[in-house]
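Chemist: Sequence isn't available, so here's the structure alone:
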């Protein structure tokens, strides 16, 4: 049985300026046979991620709390808690917190996130 607790997962700031905890990644867990990686991320009020793209992986955001503005390629849309956003592989993406509280995101990357697959553009 594999159980991970977010409270014991290290917090760091990613290259795109998102604060995150990598909850589950197959490279770190030999018994995990998932293709995807899972992360808990947040941006404080007024913060935004830098434009970036994953060359071969798609990403799905589930907004846990807060509100923001999602940018994918040439499109932008307001987002809020309870919404899911699909980001296709190769798309330039960024998200900004437009609210007064943290914008909290559960992110799924498939196949699993790899530093060599990510290009930070901003």
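Modeler: The structure has been received and is ready for your questions. These numbers come from a predicted model, not from an experiment.

Chemist: Could you look up the SS state of the residue nearest to the spatial centre of the chain?
Modeler: Centre of the chain computed as the mean C-alpha position; nearest residue by CA atoms, centre = their mean is residue 107, 4.2 Å away. Under DSSP: H, G, I helix; E, B strand; the rest coil, residue 107 falls in the strand class.

Chemist: Contacts only, for it.
Modeler: 20, 38, 39, 40, 41, 59, 60, 61, 62 (CB atoms under 8 Å, 6 or more residues apart in numbering). Placement of C-beta: from N, CA and C, glycine included.

Chemist: Please report how far the second one lies from residue 83.
Modeler: Pointing back at residue 38 there. Applying CB to CB, to the nearest Å, the value for residue 38 to residue 83 is 18 Å.

Chemist: And the two? Which one has more around it.
Modeler: Ranked by neighbour count (other CB atoms under 10 Å), residue 38 and residue 83 place residue 38 first, with 18 against 14.

Chemist: Enumerate every residue touching that one.
Modeler: Residue 38 touches 22, 23, 24, 25, 106, 107, 108, counting by CB under 8 Å, 6+ apart.
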